[in-house]
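Participant: one predicted model, sequence on top.
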Amino acid sequence: MLYWILQKFAPLMEQMESHSTGDSRVFLTARTALASVTAFLMAIVLGPIAIRWLKNHFRERIDSDSKKLNELHAGKSKTPTMGGIFVIASIVISTLLWGDLTSRYVQLALFVAIGFATLGAVDDWIKLQTSKNGLKASHKFLLQCVLAGIVGTVLYFEQADKPQGLELLWPLGNFGIVLGVGFILWSVLVLVGSSNAVNLTDGLDGLASGCMVFAGAAFIALTYLSGHMIMADYLNIPFMQGSGELSIVMGALVGSMMGFLWFNCYPAQIFMGDTGSLALGALLALAALVTRQEVLLVIVGGVFVIETLSVILQVGWFKLTGRRIIACSPLHNHFVFKGQHELKIVVRFWIGSALLAIVGVASLKIH
């Protein structure tokens, strides 16, 4: 919307073109910052309204398979959940205001945000309004795959004619494997995996939202650099024309997360639920797929990866041996079981996430 208005200042744009910051002639850096600030302010304004409404309709039900975990988290019962509604609303509205709506990548980001948030909202609604524990796992997984398949197919045709657009790249040495049509299946794996990884991490006050601030900030830089021909060449990373517009979305994501964290930090006044976590994880994955930085996603989102691996290893080892590797999965629950204060666990995970984000971005120049 505002992008279109700015475009109308054509004479000014022509004078500034030689100083352009990438493939966008229209104040990409400023729009990214404004998208972040806008999303933050919207989350701050919408938060209290959403909390009051959700308190009357959707309150958290502590009902895990672990009796001890239920006892430890008993104080969280009845806390309003589905806060992802105002988080995603902040991201979408901010993107509509500051993004280039003719960009295929921005269109895909809006589809991912709304699509995965809707799926998460349905899952949350069933969980909270019925005796069921949400959607059946198989149905939920299938719907995630359908959404991811649509995104992967569109991305395939969008990037097929771009250099390295369909390659799986290893950052060190810039070694790549051409995926071809397999890129669609790869996209499904990355999108669904990242979506569920953030969902699994969302178990303590401020944990997932704080980690998303650092991971999202890293991908603001990655999408911006990937869309800047000179910087991409300097860093020896793929130049993906148009990917710079995703920095608007990532900026909005970081801003909304900081606004949400205002209410979600310990002791949390609201939880995001699957409504927020599924969409946020998928947005990170989209940014990685567009910039061809899926390997860096594993590093930048290392906390989410470790949390997911802790669940996989715990379940697998228990089925094989009947014993547990850690006290309780995901990993953050292991430390809860060991008696550590929730706030200490969360801050330490934030520190890890911040360090991994720094390492991920810094590794761009290690060849």
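Facilitator: Alright, I've got the coordinates. Numbering: from 1, shown residues only.

Participant: which residues are in contact with residue 365?
Facilitator: residue 235 (CB atoms under 8 Å, 6 or more residues apart in numbering). Any C-beta I mention is one placed from the backbone N, CA and C, and that applies to glycine too.

Participant: tell me the spacing between it and residue 156.
Facilitator: 29 Å (CB to CB, to the nearest Å).

Participant: next one: residue 76
Facilitator: Counting by CB to CB - residue 76 and residue 156 are separated by 42 Å.

Participant: repeat for residue 146
Facilitator: Per CB to CB, residue 146 is found 16 Å from residue 156.

Participant: higher neighbour count, those two?
Facilitator: residue 156 (19 against 13; other CB atoms under 10 Å).

Participant: and the more buried one, what element?
Facilitator: According to DSSP states H and E, residue 156 maps onto helix 137-159.

Participant: what does the following helix or strand past that helix rub up against?
Facilitator: Counting by DSSP H and E, the next helix or strand C-terminal to helix 137-159 is strand 167-170. Strand 167-170 is contacted from outside by 175, 176, 177, 178, 179, 186, 238, 292, 293, 294, 295, using CB under 8 Å, 6+ apart.

Participant: please redo it, this time with the cut-off set to 7 Å
Facilitator: Under the contact criterion CB atoms under 7 Å, 6 or more residues apart in numbering, strand 167-170 has outside partners 176, 177, 178, 179, 186, 238, 292, 294, 295.

Participant: in that strand, which residues are buried?
Facilitator: 167, 168, 169 (16 or more other CB atoms under 10 Å).

Participant: surely residue 205 is within a strand?
Facilitator: No. Counting by DSSP: H, G, I helix; E, B strand; the rest coil, residue 205 is not found in a strand; it is coil.

Participant: for the stretch 1-150 of the chain, give me the ranges with low pLDDT.
Facilitator: 1-26 (pLDDT under 70).

Participant: make it 90
Facilitator: 1-27, 55-79, 127-134 (pLDDT under 90).

Participant: ok, which stretches of it are helices?
Facilitator: 2-7, 10-16, 28-57, 67-72, 84-98, 104-129, 137-159 (DSSP state H, counting those that start in this stretch).

Participant: pull the contacting residues for the nearest residue to residue 111 once chain neighbours are set aside.
Facilitator: Nearest residue to residue 111, sequence neighbours excluded (CB to CB, 6 or more residues apart in numbering): residue 151, at 6.8 Å. Residues in contact with residue 151 (CB under 7 Å, 6+ apart) are 108, 111, 112, 187, 191, 286.

Participant: for residue 306, same thing?
Facilitator: residue 331.

Participant: grab the nearest non-local neighbour of residue 217.
Facilitator: residue 254 (5.4 Å).

Participant: so the one you found belongs to a helix, correct?
Facilitator: Yes. Counting by three-state DSSP, one finds residue 254 located in a helix.

Participant: and for the nearest residue in space to residue 88 that is not next to it in sequence, the neighbour number?
Facilitator: Once flanking residues are discounted, residue 88 sits nearest to residue 117: 4.3 Å by CB to CB, 6+ apart. Neighbourhood size, residue 117 [other CB under 10 Å]: 28.

Participant: tell me how far residue 117 lies from residue 277.
Facilitator: Going from residue 117 to residue 277 by CB to CB gives 10 Å.

Participant: identify the contacts common to those two.
Facilitator: residue 84.

Participant: deepest in the core, which of the helices of the stretch 1-150 of the chain is it.
Facilitator: When neighbours are counted by mean count of other CB atoms under 10 Å, the highest per-stretch mean among those falls to helix 84-98, a mean of 25.
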